[in-house]
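1. attaching a predicted model along with its sequence, questions to come.
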Amino acid sequence: MAQTVAAMTQIGIDKLEMREYALPEPPADGAILKMEAVGICGSDVGALFRNPSNPKILGHENVGRIDKLGSVAGHIWGLKEGELIALEEYLVCHQCEWCHKGEYRHCWRTDTHNNPDPLRYGSTPTTREPALWGGYSQYLYMPFEAVWHRVPEGVEASDACLHIALGNGVQWAVVEGGAGPGKTVFIQGPGQMGAACVVASRAAGADFIIVTGLTADADRLEICKQLGADVVIDVQKEDVRDRVREVTGGKGVDVTVDTTARAGVEPTMVAIDVMRMRGGTMVVQGGNDIADFPMSKLSDHYITLKQARGHSFHSVERGLEIMGQKKFPLHLMHTHDFKLEDAAQAVHATQGEIVDGRRALHVAILPWS
């Protein structure tokens, strides 16, 4: 009798159902991953509250061990059964110019923004064989299109699934923003991406880091301080512009990173106003169209505007290196673990619901617990 796999499957708006699927044999150039942990991203919250056109298994911050390895994959990848690896969400062609650069997020094969039928962990429906395209599952299908990283020795799987957040932090704050020695970095939002930007900026040698949040974010702001932020600002209690001028001696900041996604126009306008007189860099997520956008301010102050969208292969590698160095208390970022059958609660916790008297920052599902 064929082995079956249990997976929490999204069947509607805020509806997850435990379903069983056949465990496939690995393709010659791929593998089957036995899941150890899947992190919950803020995008999982958005996905759960949208009605899927077909059932799908959510989960793209995937960490597990190679359970079965195809004959060709073992030779090409240099992996062995039992190795602990972290997967990116992207399932790519490995042939286009973007793939050759390690910029898998821009490959058409996996581009959810422009491709109407992308192949991507956490997004591809179960109607596409062999169905196991998401991490809320005991096993995951790993074809040649997968993008993988070795987990550093001594890092637990539940911590390792921070690899996507840390990869984003490196990409947004350091690669795009230019955070590093001599730079003052202004991070909007103390959630998992904001905290990751703090870690990435500090690891890159930034001189001074400022993080903003709401009054309800007091616990998260405190975590950001312990991760390396120099100053945290409650935007509901202090005038951000005045406070930034005060702590920077009137100079302003070199880099701003908005991790609030769709918090509205105000974060963007604040970022422009706290920028140094000339030559700063703004990194935004572009969740809002802004009428009468002040392009003249960007021009007058010679501000470079960049987009925070995903991560490169090298940024995830750097994030895992930071994790392996154990110089930062990253356990403060990972606050909760859940069983597979409690996947909906895990997503709701990421949305902000209180669990065990605490608000979650980053959580994981452990499918075999």
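-> Alright, I've got the coordinates.
2. and the closest residue to residue 257 other than its chain neighbours, what does it touch?
-> Leaving aside its chain neighbours, residue 257 sits nearest to residue 283 (4.5 Å; criterion: CB to CB, 6 or more residues apart in numbering). All C-beta spots, glycine's among them, are computed from the backbone N, C-alpha and C. Listed by CB atoms under 8 Å, 6 or more residues apart in numbering, the contact set of residue 283 reads 172, 173, 176, 177, 255, 256, 257, 258, 306, 307, 308.
3. you'd agree the fourth one is up against residue 304?
-> It stands for residue 177. No. Counting by CB atoms under 8 Å, residue 177 stays clear of residue 304, with 9.3 Å between them.
4. what do the two both touch?
-> Taking CB under 8 Å, 6+ apart as the criterion, residue 177 and residue 304 both touch residue 281.
5. for those two, indicate the residue with more neighbours.
-> Applying other CB atoms under 10 Å to residue 177 and residue 304 shows that residue 177 carries more neighbours, namely 29 against 14.
6. model confidence for the more buried one, exactly?
-> Note for residue 177: predicted pLDDT of 98.
7. equivalent analysis for residue 295, please.
-> 88.
8. next: residue 1.
-> pLDDT, read off for residue 1, is 42.
9. how close does residue 54 get to residue 141?
-> 16 Å (CB to CB, to the nearest Å).
10. more crowded one of these two?
-> Neighbours were counted for residue 54 and for residue 141 using other CB under 10 Å; residue 141 has more, 26 against 11.
11. who are the contact partners of that one?
-> Contacts of residue 141 by CB under 8 Å, 6+ apart are 24, 30, 32, 33, 130, 131, 132, 133.
12. SS state for it?
-> Of the three states, residue 141 takes strand according to DSSP: H, G, I helix; E, B strand; the rest coil.
13. in the sheet, who's paired with it?
-> residue 32 (DSSP bridges).
14. and for residue 275?
-> With beta bridges defined as DSSP bridges, residue 275 has these partners: residue 253.
15. give me the number of residues near it?
-> For residue 275, the neighbour count with other CB under 10 Å is 24.
16. isn't residue 277 right next to residue 252, touching?
-> Yes. The pair residue 277 / residue 252 is scored as a contact, 6.7 Å apart, by CB under 8 Å.
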